[in-house]
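Student: here's a sequence, model it:
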Amino acid sequence: MSIIRKIKRALRGEVDARDLAREAVRRSRVARAQRLERASLERLAQSPARLRAEFASLSPSELLKHFRDRTSPKFLPGFDSMEQAANLQRHLFPSETAELIESASRIADEHCWPLLGYGEKHFGERIEWLRDPLSNQLWPLCYHADVKLFRGDGSDARVLWEVNRLAHLVTLARAFAVTGDEKLAQSAFAQAISWREQNPLGRGANWACAMEVALRAMNLLAVFDILRRSAQVSAELLNSFLEMFDQHGAHIRRNLEFSYISTSNHYLSDVVGLFWIGVMLPELKDAGEWRAFALREILREMDKQVLADGADFEASTAYHRLVLELFLYTFILARANDVEINERYWKKLRLMIEYVRAYLRPDGRAPLIGDTDSGQILPLRKRAGDDHAYVLALGAVLFDEPRFKQEVKEMPEELLWILGEDGVKRYESLPLIAESVGSEGFADAGTYIMREDDLYLLFNASGSGISGRGSHGHNDALSIEVSACGTSFIVDPGTYVYSADLEARHLFRSTAYHSTVEVDGVEQNSTDVMLPFVIGNEAEPRTLRWETSAENDLIIAEHEGYRRLAQPVTHRREVQFDKRNRLWIIEDGLTGAGEHLFSFRFHFADGLEIKVRADSTVQACDKMTGARLFVLSLDAGDAPELEPRFISRDYGAKSASLVACWKTRARVPFARRWCILPVCTSDDEEQRLGLAAKLRNYEF
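Tutor: Residues are numbered from 1 along each chain as shown. Modelled structure (predicted):
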């Protein structure tokens, strides 16, 4: 990439000139440090674990006894009381326990486990940790900073990294805790050693991103904590694990994904991983420095990355879940080890959980705003990209809040393993309350939820994220999601993939894939197919008015993503929720200059029966329940067309869906109005449609 293009990318969003100067100095230092690291990799890879003097002086057998017998530090409470956790796992989750044991057996015996949205994969008799599961190509073992992550051969670093996070070893370890089957421990250790042999320090894609090194280390810490008393653990094996943890920590510290211009979930993951190693392995020489440095940075990043209303600043609900897990599990680990965290950060953590509670649909699933890569921290159970409710159970206990418990359909396994037996008891003692989730606006996030009983509309007025430097935001300004009568009808499409298919990546984040207005086929924010993690900030949506009451909600917002056209256009959208009549009215106003082609789209969920009626009304029907949703144009115009699209709820998975699109060529100013009318099975359809027909003279 040319220097000019690099500078243009660096100047996206809000960048202080002083930060730009400091960033230039930092990058120069990084380049020098990488030259030194490159020259010393062989020596670093062969160095033994650097232990504090009192542990370095122990014999191998004494060191092994120390790790077998130690009672501190403490891992997450469920892990710390392993026998209790195993007993409760069998008692509270019998079917999940059977599934856990079966999954562990397939991992140990057949090297099979599920991979993101691709289903179960078989990794061969000898696992090749650098073989890409999609393209079947081997990634090279070059110096980590030289790895080209976008290869153009169908491979996807995100998928390779998921395999190499080694989360499936946590499944083996948990199954060992439940069964005591040493075969499972043996398999976990054999795979970890195999991984180390094939991934020498600092070489290859699995060292190319410090975030991945950190997440892998966190999973290995969980595995080590469960299995350290296994009969399989020898002095030699312990030494290998200590070397691996020391190498992971030192590599993270040398290659932090920090920037004075912006940081994101990557840098946060780096310092969280460093903190976990520092807390859980105080025997390492650098553990104290890692722990102190990382804690400062974690709290600094919480101030930076979590908005005042509790939302993550990357304009993505999925990354909100990821960042919430990073903070949530880390705060619990800190508390277990008497590491003090100021109360104001706990309050911010609570706001993050409140945000999840607010945006969950009535079916308990999350709208997939922005990027969704199905990433989890310490994935005790594989969760789909839109499955976020389990974090509410943890929040219910941590904050003694029955409102959080109310939204959880059933007790999740994470509650047991993260908070232990005491957490389970406290959760069960929380009362069930009859307080429904109401309409709520999050001005900093640009997220507004209109809801009443089983009706739900999410209005998205968020920017591209990261203070205008978006990487995980989509071109979804003023888009909506609608759920009614127990069915999700109008949805965000999700993400599908990153680098495996750059064209698909571009489509899933495009304006035309979202329920908003496209002008002249132009994107709201500038994007480039070849730059999958760069998105402009031209739209800059702003909320003009938000009101909520017992009878009505109103949101008015606009964006200027089309002001860069030769004849500029501003899009303003108004949505009113009439709670008494159980419907929404939308008005799209377009002002500016000239004549334009306007495309008004509503993206329906997969699995629905969609048709255009004779009166040009679009009907979406859930064949399972009989619930219907009608989208009516309240103004004269052409009939809509049904365009093919896809929905992706898990990274790598997609299913066919449809978009209803009204296209109109008109001069501005121009306005068009819509009625979104749910009809549940108990409703009189003709009466409801008659009500909608009367709205053609409706005024806000």
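
Student: OK, contacts around the residue nearest to residue 172 when sequence neighbours are not counted?
Tutor: Spatial nearest neighbour of residue 172, chain neighbours left out: residue 188 (4.2 Å); criterion: CB to CB, 6 or more residues apart in numbering. C-beta here means a position set from N, CA and C on the backbone, and glycine is covered the same way. Going by CB atoms under 8 Å, 6 or more residues apart in numbering, residue 188 touches 169, 172, 173, 176, 223, 227.

Student: repeat that for 10 Å
Tutor: Shown in contact with residue 188 (CB atoms under 10 Å, 6 or more residues apart in numbering): 104, 107-108, 166, 168-173, 175-176, 220, 223-224, 226-227, 230, 232.

Student: what does residue 688 give?
Tutor: Counting by CB under 10 Å, 6+ apart, residue 688 touches 581, 582, 583, 628, 630, 677, 678, 679, 680.

Student: one more: residue 406?
Tutor: By CB under 10 Å, 6+ apart, residue 406 lies in contact with 357, 392, 396, 430, 431, 432, 433, 434, 435, 436, 437.

Student: hmm, 6 Å instead?
Tutor: Residues near residue 406 by CB atoms under 6 Å, 6 or more residues apart in numbering: residue 433.

Student: gap between it and residue 593?
Tutor: Distance, residue 406 to residue 593, using CB to CB, to the nearest Å: 51 Å.

Student: residue 110 now?
Tutor: Here the criterion is CB to CB. By it, residue 110 lies 64 Å from residue 593.

Student: and what of residue 415?
Tutor: Distance check for residue 415 against residue 593: by CB to CB, it reads 57 Å.

Student: what about the lengthiest helix in the chain, average pLDDT?
Tutor: Secondary structure of the chain per DSSP state H: the longest helix is helix 17-46. Mean pLDDT, helix 17-46: 94.

Student: can you check the pLDDT for residue 9?
Tutor: According to the prediction, residue 9 has pLDDT 52.

Student: quickly note the distance from residue 430 to residue 253.
Tutor: 41 Å.

Student: ok, now residue 58?
Tutor: With CB to CB as the criterion, residue 58 and residue 253 are 25 Å apart.

Student: quick one, what contacts residue 478?
Tutor: 516, 557, 573.

Student: hmm, 8 Å instead?
Tutor: Taking CB under 8 Å, 6+ apart, one finds 459, 460, 461, 516, 517, 541, 557, 558, 559, 571, 573 in contact with residue 478.

Student: filter those down to the ones in strands?
Tutor: Judged by DSSP state E, the contacts of residue 478 include 459, 460, 517, 557, 558, 559, 571, 573 as members of strands.

Student: circling back: filter the contacts of residue 188 down to the buried ones, PyMOL style.
Tutor: A single PyMOL command selects the buried members of the contacts of residue 188 (16 or more other CB atoms under 10 Å):
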select buried, resi 104+107+108+166+168+169+170+171+172+173+175+176+220+223+224+226+227+230+232
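
Student: rewinding a little: if you count surrounding residues, which of residue 58 and residue 253 has more?
Tutor: Comparing residue 58 with residue 253 by other CB atoms under 10 Å, the one with more neighbours is residue 253, at 19 against 14.

Student: wouldn't the more buried one be in contact with residue 286 here?
Tutor: Yes - counting by CB atoms under 8 Å, residue 253 does reach residue 286; the two are 7.4 Å apart.

Student: on that earlier part again, the more surrounded of residue 415 and residue 593?
Tutor: A direct count of neighbours by other CB under 10 Å for residue 415 and residue 593 places residue 415 higher, at 24 against 13.

Student: pLDDT score assigned to the more buried one?
Tutor: pLDDT, residue 415: 97.

Student: so which helix or strand takes in it?
Tutor: Residue 415 is part of helix 413-429 when elements are defined by DSSP states H and E.

Student: the longest strand belonging to the chain pairs with which strands?
Tutor: Of all segments of type strand in the chain, defined using DSSP E, the longest is strand 655-667. Sheet pairing of strand 655-667 (DSSP bridges) gives strand 595-603 (antiparallel), strand 641-647 (antiparallel).

Student: what's the spacing between it and its chain's center?
Tutor: For strand 655-667, the distance from its own C-alpha centre to the chain's C-alpha centre is 29 Å (CA atoms, centre = their mean, to the nearest Å).

Student: number the chain from 25, please
Tutor: Sure thing, new numbering starts at 25, so read that last one as strand 679-691.

Student: keeping just the C-alphas, turn it into CSV.
Tutor: Output of strand 679-691 as CSV, limited to C-alpha atoms (Å, rounded to 0.1, in the frame of the first residue of the first chain):
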residue,chain,number,x,y,z
SER,A,679,-29.1,-19.0,4.5
ALA,A,680,-31.3,-17.5,1.7
SER,A,681,-33.6,-14.6,2.5
LEU,A,682,-35.5,-11.9,0.6
VAL,A,683,-35.6,-8.1,0.5
ALA,A,684,-38.6,-6.1,-0.4
CYS,A,685,-37.4,-3.1,-2.4
TRP,A,686,-39.4,-0.1,-3.7
LYS,A,687,-37.4,1.9,-6.3
THR,A,688,-38.4,5.4,-7.3
ARG,A,689,-36.7,8.0,-9.4
ALA,A,690,-37.7,11.4,-8.2
ARG,A,691,-36.5,15.0,-7.6
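
Student: now the helices for the stretch 525-674 of the chain?
Tutor: Taking DSSP state H, counting those that start in this stretch as the criterion, the stretch 525-674 of the chain carries its helices at 526-532.
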